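Peer 1: Have a look at this prediction, sequence included:
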Amino acid sequence: MSAWIGSTVTRIHRFQFGENREKEKKRKSGRQPSGSRTLLLLLLFHPWATLLSSARVTSVTLISIPTDLRAPPPSVCKRLNFPFTRSFSLSSRKLQMGENTVPRPTILITNDDGIDAPGLQALVRVLVSTDRYSVLVCAPDSEKSAVSHSITWRHPVAVSRVDIDGATAYAVSGTPADCTSLGISRALFPSIPDLVVSGINKGSNCGYHTVYSGTVAGAREAFFNGVPSISMSYDWVGGKSNSEDYVLAAEACLPLICGLVAVIKNNCYPTGCFLNIDLPTDIVNHKGYKLTKQGKSIFLMGWRKVSSETEGGNIQSNMSMDLDASLSSENIELTTKQGHTLFKRQITKSVINDEDIDLLSLQEGYITVTPLCGQSPAAVELQDFFKDWLLNVSEKSYSSAL
C-alpha cells in the first residue's frame with residue numbers, strides 16, 4: 001500500500017492556512033506561537049482512520065497526482081471494507097489533456113442560519129480560495145434554525161440570485177432541507193454536486209440535538225437522495241468567539257473536505273452514512289480530529305409565560321441549540337394578534353452522561369467527526385421486549401373477544 005502511494009506522488013503543493021490561526025493564537029495567548037505543524041494529506045484513497053489523524057491543522061500539504069492515475073487496486077478498497085466499482089482520474093483543477101478537460105469537483109453549500117450568515121460566508125471563501133472546486137450555494141434567505149427536517153410541501157419556494165465571490169449562489173425562501181433538495185435536483189443547477197456541506201452552524205450539534213438541527217437536516221436530505229454530505233457546526237460561545245473563528249473552523253475542516261472528495265471520486269465512499277462535524281470553541285488550539293458516535297445529550301425544555309417576544313433574552317449554553325431566532329419570529333407574529341398569550345422556551349435541565357462521546361470529546365477540544373444515518377432503530381434488547389409484549393397483548397385481545 002505505501003509503495004503504491006509512493007509511486008503516485010509527483011509533486012507537492014503547500015497551501016498555507018496557518019497564517020490566520022497563528023495570528024489569532026498570538027492575539028489570544030499573548031505569546032509568540034510555536035512553529036506550525038503540518039498534516040500530510042495522504043488522503044486520496046484512505047478511509048476515516050486516515051482522515052481523522054490527531055495532527056494539528058496549522059498548515060495543509062496537498063499531494064497532486066498524475067492526470068492519468070488510476071484508482072488503487074480493488075484489493076485495497078476491499079481491505080478497507082469500501083465498495084469498489086471503477087477507476088478514475090482525480091484533479092484539483094481543470095487540467096488540459098489534449099482536447100479533454102477534467103472538471104473540478106462540485107461542492108454545494110447550504111445552512112440553516114441564512115445565506116448571509118458568517119459561517120457560510122467563511123466556508124465559501126475558504127473553499128473558493130483553494131481554486132480546487134466549483135462552489136455552489138443554495139441556502140435559506142433568512143434564519144431557519146431549529147426547523148429540523150421540515151420541508152415546504154403545499155406552496156412554491158421563491159429563489160433569487162445572490163452575489164458571492166467565486167460561487168454560484170441562490171437564496172431560497174424554504175427550509176435547509178428544501179435548499180438541499182432543490183440544489184441537487186438539477187432544476188436549479190445543471191448537475192448533481194459531488195458533495196453537500198451544510199454549515200458552518202453557529203452552535204454545536206451533538207447528541208439528540210441533531211434531531212432539532214436544520215444544519216444536520218441539510219446534510220441528511222442529501223444522504224436520503226444518495227449524495228455524500230457533511231454537516232459542520234462551531235461551538236460558538238458569547239464573549240469568547242468572534243467571526244474570525246469561522247474562517248479558522250473552515251480551514252481546520254478543509255482536509256476533511258479534500259479527503260472526502262477524493263474517496264467520493266474514487267467510489268470508495270461508504271454510502272450508508274453522512275458525517276456530522278463539530279468544532280470546539282477554542283479552534284486555534286484544537287486537539288485534532290476524533291471519530292465519535294452520537295450520544296444522548298440534550299437540554300430538556302420547559303415553557304413560561306412572557307409579555308413580549310423579547311422578554312427573557314436568549315437561551316444561552318455551551319451547546320447552542322439555535323432555538324431563539326425561530327421562536328422570536330413566531331412570537332412576533334403572535335403579538336400582532338389580540339387575545340393571544342405568549343409562551344417562551346427555557347432550559348430546565350441538561351442531561352449528559354459518560355456515553356456522550358461526541359459532546360465530551362468536543363468539550364475536551366477535539367474536532368469531532370460522527371457518522372450518522374437516517375434510521376433510528378431501537379436497541380436489540382428492546383426489540384426482544386416488545387416482541388414478547390406484542391405477543392402477550394395479541395393473546396389477551398383474542399381471549400377478551402371470545
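Peer 2: Nice, thanks for sending it over. Residues are numbered from 1 along each chain as shown.

Peer 1: Now for residue 343, how many residues are close by?
Peer 2: Residues near residue 343, counting by other Cβ atoms under 10 Å, number 14. Quick note: C-beta positions are derived from backbone N, CA and C, even for glycine.

Peer 1: Assign it to helix, strand or coil.
Peer 2: What DSSP: H, G, I helix; E, B strand; the rest coil gives for residue 343 is strand.

Peer 1: who's it bridged to?
Peer 2: Per DSSP bridges, residues listed as beta-bridge partners of residue 343: residue 305.

Peer 1: and residue 381, how many neighbours does it have?
Peer 2: 8.

Peer 1: Can you tell me the element it falls in?
Peer 2: Per DSSP states H and E: residue 381 is located in helix 380-400.

Peer 1: do residue 237 as well
Peer 2: With DSSP H and E as the criterion, residue 237 is inside neither a helix nor a strand.

Peer 1: other SSEs contacting the helix holding residue 381?
Peer 2: On a contact count with 3 or more Cβ pairs under 8 Å, 6 or more residues apart in numbering; DSSP states H and E, helix 380-400 meets no helix or strand.

Peer 1: could you dump that helix to PDB, C-alpha only?
Peer 2: What follows is helix 380-400, C-alpha atoms only, in PDB (Å, rounded to 0.1, in the frame of the first residue of the first chain):
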ATOM      1  CA  VAL A 380     -31.800  -5.200  20.200                       C
ATOM      2  CA  GLU A 381     -32.900  -5.900  23.800                       C
ATOM      3  CA  LEU A 382     -35.900  -3.500  23.300                       C
ATOM      4  CA  GLN A 383     -36.900  -5.400  20.200                       C
ATOM      5  CA  ASP A 384     -36.900  -8.600  22.200                       C
ATOM      6  CA  PHE A 385     -39.000  -7.000  24.900                       C
ATOM      7  CA  PHE A 386     -41.600  -5.600  22.600                       C
ATOM      8  CA  LYS A 387     -41.800  -8.800  20.600                       C
ATOM      9  CA  ASP A 388     -42.900 -10.700  23.800                       C
ATOM     10  CA  TRP A 389     -45.100  -7.800  24.800                       C
ATOM     11  CA  LEU A 390     -46.900  -7.700  21.500                       C
ATOM     12  CA  LEU A 391     -47.500 -11.400  21.500                       C
ATOM     13  CA  ASN A 392     -48.900 -11.100  25.000                       C
ATOM     14  CA  VAL A 393     -51.200  -8.200  24.000                       C
ATOM     15  CA  SER A 394     -52.400 -10.100  21.000                       C
ATOM     16  CA  GLU A 395     -53.300 -13.200  23.000                       C
ATOM     17  CA  LYS A 396     -55.200 -11.200  25.600                       C
ATOM     18  CA  SER A 397     -57.000  -9.300  22.900                       C
ATOM     19  CA  TYR A 398     -58.100 -12.500  21.200                       C
ATOM     20  CA  SER A 399     -59.200 -14.000  24.500                       C
ATOM     21  CA  SER A 400     -61.300 -10.900  25.500                       C
END
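
Peer 1: who's in contact with it?
Peer 2: Contacting residues not belonging to helix 380-400 are listed as residue 378 [Cβ atoms under 8 Å, 6 or more residues apart in numbering].

Peer 1: could you redo the last one with a cut-off of 10 Å?
Peer 2: For helix 380-400, contacts defined as Cβ atoms under 10 Å, 6 or more residues apart in numbering pick out 377-379.

Peer 1: Drop anything exposed from these.
Peer 2: Of the members of these, none is counted as buried by neighbours, 16 or more other Cβ atoms under 10 Å.

Peer 1: and which of the residues you listed is nearest to residue 171?
Peer 2: For the contacts of helix 380-400, the residue nearest residue 171 by Cβ to Cβ is residue 377; the value is 36.8 Å.

Peer 1: wait, doesn't residue 213 sit right on residue 150?
Peer 2: No - the criterion here is Cβ atoms under 10 Å, and residue 213 misses it with residue 150 at 11.7 Å.

Peer 1: what is in contact with the two at once?
Peer 2: Both residue 213 and residue 150 are contacted by residue 176, under the criterion Cβ under 10 Å, 6+ apart.

Peer 1: Neighbour count for these two, which is higher?
Peer 2: Between residue 213 and residue 150, residue 213 has the larger neighbour count (other Cβ under 10 Å), namely 30 against 15.

Peer 1: In contact with the more buried one, which residues are there?
Peer 2: Residues 112, 145-149, 176, 198, 201, 203-206, 219-220, 231, 233, 276, 321-322 are the ones in contact with residue 213 under the rule Cβ under 10 Å, 6+ apart.

Peer 1: Out of those residues, which sit inside strands?
Peer 2: When DSSP state E defines the strands, the subset of the contacts of residue 213 inside them is 198, 201, 231, 233, 276.

Peer 1: State the pair within those that is farthest apart.
Peer 2: Longest span within the ones in strands among the contacts of residue 213, Cβ to Cβ: 201 and 276, 10.3 Å.

Peer 1: where do the contact lists of those two overlap?
Peer 2: With Cβ under 10 Å, 6+ apart, residue 201 and residue 276 have common neighbours 213, 215-216, 231-233.

Peer 1: Same list, these, but as TSV with pLDDT and distance to residue 255 please.
Peer 2: As requested, these are exported to TSV (pLDDT from 0 to 100; distance: Cβ to Cβ, whole Å):
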residue	pLDDT	distance to residue 255
213	91	24
215	95	20
216	95	21
231	97	17
232	97	13
233	96	17
